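Novice: 3D, please:
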Amino acid sequence: MLHRATVVDDGLGVGEPLNERAFDRGLVVRGTHRLHLDTLEVVERMDQRLAQEVSRPPTFLFRDRAGESVQPNNTMSLLNHGLPEGVHLLTAQQWPIEGDRSPKQLLLRLQHSDIPKSGRISVELTDLFTLGRVVRTTELTLTANQLLSDAKVNSLVWPTGKRRRVVNYNGTLIVLQPGEIKTLILDLA
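Specialist: Modelled structure (predicted):
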């Protein structure tokens, strides 16, 4: 149900009729409905991706070095080829965010957005970007404020838990578990 209005109290707790109005008219709700008819497995696999495409389409924002806005080019792509099915590109941003930016570093966030039973997905980053060849990756925490290896060493260890193994990783093959988001600094050549 998108919206309802009642003439009399329906006895469901509000204590008055529901007749919301705006600008002397009843409320108007606009939206997009997509109906995908297929087998349950296919619908489950496509559901989250379609939801992201509808609710959060990509927005390209560019600025030249002089600080003036640049009109986006609808035909440009940051990627040489598509990402594997179930991998969502959350962030691709020049790094560091503040101070002197390096044209050879990129902050990247990738999310495994597929259903949990789909298993892990591997992404090879070496030749993925049009900006250059990825020669090294450094994994950061989700907020990109510290190295993941430092965060794991300094993390709290619960009495019933075990400390996670620290992985010192700088390769270009990334493995994402279902629901996982990885934040990386890419060094480009």
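Novice: would you mark the buried spots in the lengthiest helix in the chain?
Specialist: Ordering each helix of the chain by length in residues (DSSP state H) puts helix 40-55 first. By neighbour count with 16 or more other Cβ atoms under 10 Å, helix 40-55 contains the buried residues R45, M46. Just so you know, the C-beta spots here come from the backbone N, C-alpha and C atoms, and that holds for glycine as well.
Novice: same check on stretch 84-94?
Specialist: G86, V87, H88, A92.
Novice: thinking again about what came up before, going on from the longest helix of the chain, what's the next piece of helix or strand?
Specialist: Counting by DSSP states H and E, the next helix or strand C-terminal to helix 40-55 is strand 87-94.
Novice: next, the angle helix 40-55 makes with whatever helix or strand comes next after that following strand.
Specialist: Where DSSP H and E defines the elements, the next helix or strand beyond strand 87-94 is strand 105-112. Angle, strand 105-112 to helix 40-55, by axes from the mean of the first three to the mean of the last three Cα atoms, to 10 degrees: 140 degrees.
Novice: paired strands for strand 105-112, with orientation please.
Specialist: For strand 105-112, the paired strands and their directions (DSSP bridges) are strand 87-94 (antiparallel), strand 181-188 (antiparallel).
Novice: CSV for those, including distance to F23 and mean pLDDT?
Specialist: CSV is the format used below for these (distance: least, Cβ to Cβ, whole Å; pLDDT from 0 to 100):
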stretch, distance to F23, mean pLDDT
strand 87-94, 37, 88
strand 181-188, 41, 93
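Novice: right, and those - which one's nearest T126?
Specialist: T126 sits nearest to strand 181-188 of all the strands paired with strand 105-112, at 10.1 Å, using Cβ to Cβ.
Novice: how far off centre is that closest one?
Specialist: With Cα atoms, centre = their mean, to the nearest Å as the basis, strand 181-188 stands 14 Å off its chain's centre.
Novice: for it, buried residues please.
Specialist: For strand 181-188, by 16+ other Cβ under 10 Å, it's K182, T183, L184, I185, L186, D187.
Novice: as a markdown table, these with distance to D100 would be great.
Specialist: Shown next, in a markdown table, are the buried residues of strand 181-188 (distance: Cβ to Cβ, whole Å):
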| residue | distance to D100 |
| --- | --- |
| K182 | 25 |
| T183 | 21 |
| L184 | 20 |
| I185 | 15 |
| L186 | 17 |
| D187 | 16 |
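Novice: quick one: contacts for the spatially most central residue of the chain?
Specialist: The centroid of the chain falls nearest to L90 when counting by Cα atoms, centre = their mean (3.2 Å). By Cβ atoms under 8 Å, 6 or more residues apart in numbering, L90 lies in contact with R109, L110, Q111, I181.
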